[in-house]
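Asker: need a 3D model of the sequence below.
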Amino acid sequence: MYLVIDLGNTNKKFAVFSKGGQKTIKSFSVISLPVVKTFVKENPGITHCILSSVINYPSSVKNFLQTHFFFTELDEQTPLPLKNRYKTPRTLGKDRLAAAVAGHFRFRNEPVLVITAGSCITYDFVNRKGEYRGGSISPGIQMRFRALHTFTGKLPLISGENRANLTGTTTGESVLSGVINGALAEVEGIIGLYLQKHRKLKVILSGGDLKYFDKRLKIKTFVVPNIVIEGLYKILELNAGTID
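Answerer: Now for the predicted structure:
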């Protein structure tokens, strides 16, 4: 069995895969050696592990994983099941790269745009040749709410709302309208620009803030909640020599 660890800014996700597919996934708020050991004990039979992190984490965790498993830590040198054409691979977010890999495997030989709505809204494009070409990054929903509150004198901090009228009749409603409808218009606009160049484009939507976009976009999308985990699994398969 394969262990996939995705250490993000907000959530730390652990998933176990077998050849039959994903068996379990669990989120933690913090990462520590006891957390890893407990999870491994609860899921016996793990032989391989991949770890991707956008945060600093305890060296004891890496030492434990290296000692007990065939271990891969995703970085710019890790072999990938697609061609990375990004000009600065060292600065490329590992979560973006893993999401692109997953998108490529879901729609081989077709252009794919993966949109991940989390701390940031990221757009990652893979062409029909299986080449990752890059994409774009913009502020996420919560970042937009916090920015309006932080960098103004009187605008309230809005949270927990995912519905917005087009025309706000209070200041709070106006903030909701600007942030949510603005982000929605941005996503639809970027998809539209890609569709002008790639008519057979497949669009995948993922991330913790899916609720702000799922079922609202007028353009057809495929929802994959844990696409980074899925991509990391494919990268681990390649490095373990078991990829399909």
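
Asker: looking at the protein, which helix or strand is least sure?
Answerer: Using mean pLDDT, DSSP states H and E, the weakest-scoring helix or strand in the chain turns out to be strand 21-28, at a mean of 89.

Asker: in its sheet, which strands sit next to that strand, and in what direction?
Answerer: Note on strand 21-28: by DSSP bridges, its sheet partners are strand 12-18 (antiparallel).

Asker: low-scoring pLDDT stretches of this structure, where are they?
Answerer: Filtered on pLDDT under 70, the chain yields the residue ranges 242-244.

Asker: ranges for the strands of it?
Answerer: Applying DSSP state E to the chain gives strands spanning 2-7, 12-18, 21-28, 48-53, 70-73, 83-84, 112-117, 120-126, 131-139, 202-206, 222-223.

Asker: most packed of those?
Answerer: strand 112-117 (a mean of 26; mean count of other Cβ atoms under 10 Å). Quick note: C-beta positions are derived from backbone N, CA and C, even for glycine.

Asker: how many neighbours does the nearest residue to Lys202 once chain neighbours are set aside have?
Answerer: Closest residue in space to Lys202, ignoring its immediate chain neighbours: Phe107 at 4.4 Å, by Cβ to Cβ, 6 or more residues apart in numbering. Using other Cβ atoms under 10 Å, Phe107 has 17 neighbouring residues.

Asker: for Phe107, give me phi and psi.
Answerer: Phe107 adopts backbone torsions of phi -140, psi 70, taken as degrees, to the nearest 10.

Asker: quick one, domains of this structure?
Answerer: Per automatic domain parsing, the domain ranges recorded for the chain read 1-73, 75-244.

Asker: the longest helix seen in the chain packs against which elements?
Answerer: Longest helix in the chain by number of residues (criterion: DSSP state H): helix 182-197. Helix 182-197 makes packing contacts with strand 112-117, strand 120-126, helix 141-150 when contacts are defined by 3 or more Cβ pairs under 8 Å, 6 or more residues apart in numbering; DSSP states H and E.

Asker: neighbouring contacts of it?
Answerer: With Cβ atoms under 8 Å, 6 or more residues apart in numbering as the test, helix 182-197 has contacts from 111, 113, 115, 121, 123, 125, 136, 138, 141, 144, 201, 203, 212-213, 216-219.

Asker: same check on stretch 154-165?
Answerer: Contacts of stretch 154-165 (Cβ under 8 Å, 6+ apart): 142, 145-146, 148-149, 171-173, 175-177, 179-181, 211-212.

Asker: next, count neighbours for Phe211.
Answerer: No, residue 211 isn't Phe; it's Lys. 13.
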